[in-house]
Each structure stands twice: as structure tokens, then as C-alpha cells.
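K.L.:
With the sequence up front, the predicted model follows.
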Amino acid sequence: MWNPRLNVSRSPIPESSCGALFLLAFCVLLASGCGKKNSGPDLPAPDISEVPSSLTVVRADALLKAPDAASFEAAWQDFYARHPAFTVFYRDWLLQIPPDSLPDDGNPIPAIYRTFVAPPTMRALNDTLHDRLGALQQPIAELDLAYRYHRYYYPLDTLPPVYLYSGIFGQPVDLTPDFAAVALTMFLGRDFSGYRSFPSENLPRFLYHRLEPAYIPVRVMDAVARTRWVPEFPENSVLQHMIYEGKLLAYLDRVMPAVPDSLKIGYTALQQEWVEVNQAEAWALLVGESLLFSTRTQDIARIVGEGPHTKGMSLESPSRVGVWLGWQIVRAYLERYPNTTLDELFAMQDARQLLELSRWKAETP
């Protein structure tokens, strides 16, 4: 049975964009996408018609729509009675009410109301959130489908309920052993004017295309995978990081078979086209510059980290080209050894051996 080994699992974000976030601090790593057909192998999706739904979604963002202080306190107390673990996490970890703003009795509810509900800017934000996102029927339906696919492969796993909340711009997804917390403020759409008020170091402009509600399911399932299969890098080489990220994307191939590759990895249509057309040249660069087995932190960040593009490659290239290549290597391995389970795949720590056994060749389509 799956048992998360971390108290909180966070989506991968550059350290410079993270921190204790309170109202205006902001960082993002979402998956972006387009409607392009997947370029990987056409995997037969298993029949999940008999797999029951196991997804529970709770709209915690409704708490901040209370019309007045009395209504908010009643709603908060009722919500706490039904969802104590998330409510404490929301109050203490996410909202982070400063102790010096609390009354003598230590009751945080009035301070939460004054800070996150009553101000006109917060009312406008919550109105915008509900106007833009509505019932989120499509993302929730896709997440439910992904949960069912996961349960098909791992029937003994118990995936967490999902809480959708508002109030801060922060980590897109927090995964704890008890629930997944999704910051809806991080999925308001690339054209949401409020995003433009953040400094570029907190919200890089090259990530604007990733701010869409359709990406909620991918981010949740990515967090599930990163918690279930915690990385181990015996050599801590570029190739090991490439292969690990490729394994995570192979998991998304299994639980989200109809989702476009671009959405899974976070590329625009032009970026995905670039890696497909130029993957042979990109691979030749890694080999020619002896980067595959490099253990230098700067080389790992250069090849698998976020950025406007992959350093050393064309300015038209996306970042994380090494992740794309690692994905194709893992896909090739799974095509050659189709009976390999994901647990067996992640247990393979020898990235060099996996590359050799995959017999993958970088080719231009």
C-alpha cells in the first residue's frame, strides 16, 4: 500500500521563486499544453469501466466568500468540524496569521476574516476566481479519471482527497499524507491581469503560458508520483536526473493516456515541435560536451532545470530538454520491456544500464 514518506510534497520550483508566501509572494510550476497529438508510443489504455471512482474534492475556497464576519466564523467552525486536518494546515501553514495580530484569546478567525475576506482586493480576487473557474467540471473529471487509472494499476493505494482553496498566491500543489491542497489562485489563466503585477523573479514571464485550470490534474498526479517514488541518485549525474524525470512522465502516460504530451511536460506547441524536430541535435550536444555523466550542479540545472530556454541550445529551445530526452529513453525501454511495472522501473537505479537496454536512438521525425 502506498504510504507517503514525506510530510509535504511540493511541485518542483526553482528555489529563488519559493519561500514562506503571504498574500503577494508568488511562485509557479505548472504544466502547460496545447492540443497536439502525443508523439510517444500509442499505449493501449486499460479498461477501467469497472474501476470505481475514489476521488473526493472539497471546495475550501467557498470559505472566503462569506458576506460578513459572523457568517465567516460560523462557516469556518463548521468546516473545521468536518475537515480538521486541512483546516489546521490551511490556517497555520498556508495563511500564516502573524501571532501579534491575534487577540488575547488566541482566536485566529477574526484575523483571517480581516486579512483574507474583508479587504476589497480580496473580495475582488475571490469574485474573479469564481467567475473564471466556476465549478471546474472538466479538470475535476480528468482528475477523477486519473485516480481511476492509478487505482487500476495500484488497487491497494488510497489516493488523498483534494482540497481547492483560495486566499494566497503560493505553491500550486501541496501533498501531505492526508490530502492534496490546490491553490486555485495559481490556475486563473495566462491572461489574468493580476499576474502581471508580480516581479519577474517571482513569476518568470516564460512561465505565463502555464497558468491554466486545465493543468490542475497534471500537477496533482505529478505530486503523487514524486511522493510515491522518492528520487535516489547514486551518481547524481545529469543522466540520472533525466531518467528520473522521464519515469515520472511515463507514469503520467499511464494515468493520463489522453492528455497531450505538451501539457504533461509544460511546453507550448512551438516548444514541443522544437524538441521533436531537434532532439537528435540536442542529444548530440549532450554527448559531445560530455554532459550526460556530469555531476556538476550547474550542468544538471542547465539540462533539466527551468529557464527561458536550455542553455547552450537555440534561443527557440524550451527549457528542460534533458527531461524530454529522458522521457523518450524511458518510453523506448518500456516498449522493449512492456511487462515492466512502474515500481520495477523506478527501482532501476542504474541510468546507464536503462539507457543501454532501451536502445533508444535520437532521430528527427
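P.N.:
On my side now, so go ahead. Residues are numbered from 1 along each chain as shown.
K.L.:
In terms of residue numbering, what are the domains of this protein?
P.N.:
Split into domains by automatic domain parsing, the chain comes to 9-212, 229-358.
K.L.:
To residue 365, which of those lies closest?
P.N.:
With C-beta to C-beta, the closest approach to residue 365 among the domains of the chain belongs to domain 229-358: 5.8 Å. Bear in mind the C-beta positions are built from the backbone N, C-alpha and C, glycine included.
K.L.:
burial measure for residue 331, as a count.
P.N.:
20 (other C-beta atoms under 10 Å).
K.L.:
And for residue 266?
P.N.:
Using other C-beta under 10 Å, residue 266 has 25 neighbouring residues.
K.L.:
So it is in contact with residue 210, correct?
P.N.:
Yes: in this structure, residue 266 is within contact of residue 210 by C-beta atoms under 8 Å, at 5.8 Å.
K.L.:
Which among the domains of the chain is found nearest to residue 223?
P.N.:
Comparing the domains of the chain by C-beta to C-beta, domain 9-212 comes nearest, at 4.2 Å.
K.L.:
all helices of the stretch 1-150 of the chain, in order?
P.N.:
Using DSSP state H, counting those that start in this stretch, the helices of the stretch 1-150 of the chain run over 69-82, 84-89, 109-116, 120-133, 137-153.
K.L.:
Which strands or helices does the first one pack on?
P.N.:
Spelled out, it's helix 69-82. On a contact count with 3 or more C-beta pairs under 8 Å, 6 or more residues apart in numbering; DSSP states H and E, helix 69-82 meets helix 84-89, helix 109-116.
K.L.:
For the protein, which segments count as strands?
P.N.:
Counting by DSSP state E, the chain has strands at residues 9-10, 57-59, 162-165, 173-175, 180-183.
K.L.:
For residue 85, find the nearest of those strands.
P.N.:
strand 162-165 (9.6 Å).
K.L.:
What's the mean pLDDT across the closest one?
P.N.:
Strand 162-165 shows a mean pLDDT of 98.
K.L.:
Residues contacting it, please?
P.N.:
With contact meaning C-beta atoms under 8 Å, 6 or more residues apart in numbering, strand 162-165 is reached by 55-61, 63, 83, 86, 90, 94, 136, 143, 179-184, 220.
K.L.:
sorry, back to before: just say which of the domains of the chain is most tucked in.
P.N.:
domain 229-358 (a mean of 19; mean count of other C-beta atoms under 10 Å).
K.L.:
Regarding that one, how distant is the last residue from the first?
P.N.:
End-to-end distance for domain 229-358: 21 Å, by C-alpha to C-alpha, to the nearest Å.
K.L.:
got a list of contacts for stretch 62-79?
P.N.:
Residues outside stretch 62-79 that contact it (C-beta under 8 Å, 6+ apart) are 60, 87, 109-110, 112-113, 116-118, 122, 126, 130, 165-167.
K.L.:
Which members of the residues you listed are the farthest-apart pair?
P.N.:
Longest span within the contacts of stretch 62-79, C-beta to C-beta: 110 and 130, 23.7 Å.
K.L.:
who wins for proximity to residue 173 among the helices and strands packed on helix 69-82?
P.N.:
The nearest among the helices and strands packed on helix 69-82, by C-beta to C-beta, is helix 84-89 at 13.1 Å.
K.L.:
follow-up on the earlier one: with distance to residue 311 and mean pLDDT added, can I get the helices of the stretch 1-150 of the chain in CSV?
P.N.:
Listed next are these as CSV, based on distance: least, C-beta to C-beta, whole Å; pLDDT from 0 to 100:
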stretch, distance to residue 311, mean pLDDT
helix 69-82, 47, 96
helix 84-89, 38, 95
helix 109-116, 40, 93
helix 120-133, 35, 95
helix 137-153, 33, 97
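K.L.:
export those to TSV and tack on distance to residue 246?
P.N.:
Formatted as TSV, these follow (distance: least, C-beta to C-beta, whole Å):
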stretch	distance to residue 246
helix 69-82	40
helix 84-89	32
helix 109-116	40
helix 120-133	32
helix 137-153	18
